[in-house]
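Engineer: predicted structure and sequence below. I'll ask about it afterward.
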Protein chains: 2
Amino acid sequence: MEKCGTIISYYEHIYNRKLTDWERKLIEDSFQKEVFKKKEIIFRSGDSNTRHYFVEKGLLRMYVIDTSGKEFNILFARENQWIGDLSTPATTAFFLDAIEKSVVYSISDENINLLTNNFSTFVRYIKKSYIFLQRRLVSILTNTAEENYEELARIHPELIQRLPQYHISSYLGVTPVFLSKILSKRARKKD
Amino acid sequence: MEKCGTIISYYEHIYNRKLTDWERKLIEDSFQKEVFKKKEIIFRSGDSNTRHYFVEKGLLRMYVIDTSGKEFNILFARENQWIGDLSTPATTAFFLDAIEKSVVYSISDENINLLTNNFSTFVRYIKKSYIFLQRRLVSILTNTAEENYEELARIHPELIQRLPQYHISSYLGVTPVFLSKILSKRARKKD
DNA sequence: TGTTTTTCTTAAACTTGTTTATTTTTTTCG
DNA sequence: CGAAAAAAATAAACAAGTTTAAGAAAAACA
């Protein structure tokens, strides 16, 4: 009967009240019900304008594939959980697929913005922070400490200047001793 | 002259227009200018109701200390960047301190909410996702893969049931082979 | 049910990163 | 400036995690 039953229940649960007819209409117009079979890929690295997904039934995963082809899962979503790349509408670095056959409600970033309609500074701050952190987690999962140092030096050379070495090693997730090893190796290379 | 000059400029830059007197007033009432000296601790693990900080001048870092006392930096903020624990007002697991003498504008979470006043479902989703990811990054930085497995098994036993082992290893950031080693060791222990 | 495919285990040699301790270099500050 | 403190480099023994490859177990499905 209900076109978006699960998602309306979800919103009513969050807001702790019944939604108005107008609100239900807005939701029904914004979301799209989709079914994915096991192993079906929902979006892939390089896609832009990826959608956000709310799982009614099943199990999804978001993951990244490193240069050597190895996969690293970033996030799972099961019943009543959200998943998607908050970088959207920008190009995504992630893959999203279904681990089990899944029934979901999807929404475009545009429609999310319409529903939310007050994207103030603070929300930008959260979104940016999230995207930054996500990139950082991916780096740590997929690269060696040496590669992460190279990237940091390339993108934020000024930080390398301003920070004592032990703060950099801590940021990279290694000991100061090991960073020192990396640096002496790097210095030897540049001869 | 201006009480919150830098932060007002920041908002005007973001919104790409001059702020109204009313808006300036709102900002001046919400933010508080603070100065921290080098190595001064701004908040520490266990504190609740931590504030958000916008750096006018200087360099801050947010970090975590693991059980063995080792520090891992999670985030730096220099001029015109935000830093803070989005988990607030809940108890924080982080420390925030000044690497250099710093001048900042701070705001409580409550005042942020007043300024933003439309905390809809999607914003909750971002905030929750962020907090989740942050926790995950901290785990990967501070724990061994074995400890991360134990935690996953404790908190989400149902996921361990539903996921093939190679998806779990990928989530933990290790190879399937190494996870298998961890598990056989674990099984031997439980005799 | 049995066959095919997928997933898991084990082993051995290897690489990445840690620990502890000592020495050298750089920075801070009276 | 010179002494003291903080930060960085080096070495050696060790622990955590990877790679490749082969066999065993479990799941899928015709």
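Structural biologist: Good, I have the coordinates. Numbers count the residues shown, from 1 in each chain, chains lettered A, B, ... in the order given.

Engineer: what packs against the helix or strand of chain A with the lowest mean pLDDT?
Structural biologist: Least confident helix or strand of chain A, by mean pLDDT, DSSP states H and E, is helix A:5-15 with a mean of 77. Here helix A:5-15 touches helix A:21-30, strand A:52-57, helix B:121-142, going by 3 or more CB pairs under 8 Å, 6 or more residues apart in numbering or on different chains; DSSP states H and E. All C-beta spots, glycine's among them, are computed from the backbone N, C-alpha and C.

Engineer: same thing but at 10 Å, please
Structural biologist: Here helix A:5-15 touches helix A:21-30, strand A:32-36, strand A:52-57, strand A:102-107, helix B:121-142, going by 3 or more CB pairs under 10 Å, 6 or more residues apart in numbering or on different chains; DSSP states H and E.

Engineer: what angle separates that helix from strand A:102-107?
Structural biologist: Helix A:5-15 runs at 60 degrees relative to strand A:102-107, counting by axes from the mean of the first three to the mean of the last three CA atoms, to 10 degrees.

Engineer: so what touches helix A:5-15?
Structural biologist: A:2, A:4, A:17-19, A:23-24, A:27-28, A:30-31, A:33, A:54-57, A:79-80, A:82, A:103-105, A:107, A:115, B:120-121, B:124-125 (CB atoms under 10 Å, 6 or more residues apart in numbering or on different chains).

Engineer: alpha carbons of that helix, as CSV, please.
Structural biologist: Output in CSV follows, covering the C-alpha atoms of helix A:5-15 (Å, rounded to 0.1, in the frame of the first residue of the first chain):
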residue,chain,number,x,y,z
GLY,A,5,6.5,2.7,4.2
THR,A,6,9.8,1.9,5.8
ILE,A,7,11.4,5.3,5.1
ILE,A,8,8.3,7.2,6.4
SER,A,9,8.4,5.1,9.6
TYR,A,10,12.1,5.9,9.9
TYR,A,11,11.4,9.6,9.7
GLU,A,12,8.5,9.4,12.1
HIS,A,13,10.7,7.5,14.5
ILE,A,14,13.5,10.2,14.2
TYR,A,15,11.1,13.1,14.6
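
Engineer: in that helix, what's buried?
Structural biologist: Under the neighbour-count criterion of 16 or more other CB atoms under 10 Å in any protein chain shown, helix A:5-15 has A:6-8, A:10-11 buried.

Engineer: and if you look at stretch A:173-183?
Structural biologist: Within stretch A:173-183, the residues that count as buried by 16+ other CB under 10 Å are A:173-174, A:179, A:182.

Engineer: work out the gap between that stretch and the centre of the chain.
Structural biologist: With CA atoms, centre = their mean, to the nearest Å as the basis, stretch A:173-183 stands 29 Å off its chain's centre.

Engineer: quick one, domains of chain A?
Structural biologist: The record's domain parsing of chain A by automatic domain parsing lists A:5-120, A:123-189.

Engineer: closest one to DNA strand C among the ones you listed?
Structural biologist: In terms of CB to the nearest atom of the strand, the element of the domains of chain A nearest to DNA strand C is domain A:123-189, at 3.5 Å.

Engineer: for the closest one, give the mean pLDDT please.
Structural biologist: The average pLDDT within domain A:123-189 is 87.

Engineer: touching chain B at all, it?
Structural biologist: Yes - using CB under 10 Å from any CB of the partner chain, domain A:123-189 comes into contact with chain B via A:123-134, A:136-137, A:140-142, A:156, A:158-159, A:162-164, A:166-175.

Engineer: how about stretch A:58-66?
Structural biologist: Yes - Stretch A:58-66 reaches chain B (CB under 10 Å from any CB) through A:59, A:61, A:63-64.

Engineer: in that stretch, which residues are buried?
Structural biologist: For stretch A:58-66, burial by neighbour count (16+ other CB under 10 Å) applies to A:58-64.
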